[in-house]
Every structure is written in C-alpha cells, then in structure tokens.
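Visitor: Here's my sequence, what's the structure:
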Amino acid sequence: MEKRITKKMDVKRVLIVDDHPVFREGLAGVLARENDLKVVGQANHARQALTAIEQLRPDLVLLDVSLPGKSGLELIKDLRVLYPDLPVLVISMHDETLYAERVLRAGANGYVMKEEGPEKILQAIRQVLSQQTYVSPRMSARIVNSFSGHSQKTSLISRLTDREFEIFQLIGKGNDSHAIARHLNVSHKTVDTHRCHIKDKLKLVSGMELICYAVRWVQTQPANDPAE
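Guide: Next up, the predicted model:
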C-alpha cells in the first residue's frame, strides 16, 4: 500500500509580553485555537521578556507599550540590537495615531489596537510573520500621506522625541525632575534640558504651564500608560 506523505505544519512560536495577566491568558487562549501558532511563554516586564527570549527563542514577540519599569518602546529598541531579525508586533490599548509611528521607528513590525478583536490580531500576527508590516488601513493612509507631504498638521506632542515623550508622561504623572532622573537613571540636568525642549516644542511659556498641560493630557489617556 502506498504511504501518504503528510507535510508537517510550520508552527510559529510566540512570546506574549504584557503586564495584564487577564489579557495575556485571553490572548494565549485565542492563539491556542490556531494550528500554526503556539504560545511558548509569557512575560510581564522588559527584563523578564529578555530572559524569556534568550531561553525560548520565539519566532514572534507580541508586546504592549505599557510595561512597568522600562517601556515597551525602549524594549523594542533593545530587541533590534540584540535580535535584529526577530519580528515584534505591538498590541496596545493606546491610540495608534500617537503610538504607531513611534513603535515602527523604534523597530517594531506592526501595531494593532487591543480593541480590534481576535480576527484583526490574528491577521496582524500572520502578516508580520510573513515579513510584512501591519498597521490599520486608516493608519497606513496617514503614514503614506505624511511621506507625500499631504497630511494635516502634525500634533505638537507627536513632535517630541521618544525620550521627551516619556518625560512628558512622567511629568503628567506628578513626578518632579529629581524623581524622573532617578526613574530614567540620568542626571537632573539632563532632565531639565529635556523639559526645556519639551516646553519649546509644545509652545509653552513656563514650567508650571508644562506641568498643567502634561497632567491634563495624561488624564485623557487610558489607565496604565508606559510612564507608570
């Protein structure tokens, strides 16, 4: 009798990095129903993620930008240095119009919002695994327009560098320069320099005006942002 040769399915190994256990378990449950995907580990902060990647060697990292300690944005930059070919897909609750371009510049391969649901997340995962970049159609059009010079005026906050953006969020959380310096492991003078640049870019006059602006902005954002 002739033997039937069955081709073995190429199962991709996935690491989930998110500080919400309920979301991690929910996402792991969604992936468990897919024959071509396998969750090999979970992590809730950057240091744990780096250890897991070294030990488990996943084919894809699913990462939130909201992580305790080192932000997901900084972790992406680390991964691009340590594992330049490792695909990274950011899954976040935060508005993609503010974060998507930042994570792509940092080296991520895609950005999808958690509110999109399982179908879109699975689409994004498979698109990134096939060496393509994933963003929503709306965000894709925005990025294309920005390169073609036809986009609307960019928001002032989006002009901040990643470090300035991080400090801006910390200011909005009520941190003074000394606390920010300790959190980021930089000098107080460095923080003050960044504060001046932030103030100039946001067209603010005084330090108090910057604090008020940052506090109001943070209050409009979803809870548990990268600056926590």
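Visitor: Output the below-cut-off pLDDT ranges for this protein.
Guide: 1-8, 140-154, 222-228 (pLDDT under 70).
Visitor: Would you map the helices across it?
Guide: Counting by DSSP state H, the chain has helices at residues 21-32, 46-56, 72-82, 96-106, 118-129, 137-148, 162-172, 177-184, 188-201, 207-219.
Visitor: how about CSV for those helices, with mean neighbour count added?
Guide: Glycine gets a C-beta too; all of them are placed from N, C-alpha and C. Formatted as CSV, these follow (neighbours: other CB atoms under 10 Å):
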stretch, mean neighbour count
helix 21-32, 15
helix 46-56, 16
helix 72-82, 19
helix 96-106, 19
helix 118-129, 18
helix 137-148, 12
helix 162-172, 21
helix 177-184, 16
helix 188-201, 16
helix 207-219, 15
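Visitor: out of the ones you listed, nearest to Asp64?
Guide: Nearest of the helices of the chain to Asp64, taken as CB to CB: helix 72-82 at 5.6 Å.
Visitor: For the residue nearest to the spatial centre of the chain, which residues are in contact?
Guide: For the chain, the residue nearest the mean C-alpha position is Val65 (3.3 Å; CA atoms, centre = their mean). By CB atoms under 8 Å, 6 or more residues apart in numbering, the residues touching Val65 are Ser71, Gly72, Leu73, Val90, Ser92, His94, Tyr99, Val103, Pro226.
Visitor: Quick check: buried residues in stretch 9-17?
Guide: Lys12, Val14, Leu15, Ile16, Val17 (16 or more other CB atoms under 10 Å).
Visitor: Pipe the helices of the chain into a markdown table and attach distance to Val112 per row.
Guide: Listed next are the helices of the chain as a markdown table, based on distance: least, CB to CB, whole Å:
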| stretch | distance to Val112 |
| --- | --- |
| helix 21-32 | 11 |
| helix 46-56 | 18 |
| helix 72-82 | 13 |
| helix 96-106 | 8 |
| helix 118-129 | 4 |
| helix 137-148 | 10 |
| helix 162-172 | 20 |
| helix 177-184 | 28 |
| helix 188-201 | 28 |
| helix 207-219 | 23 |
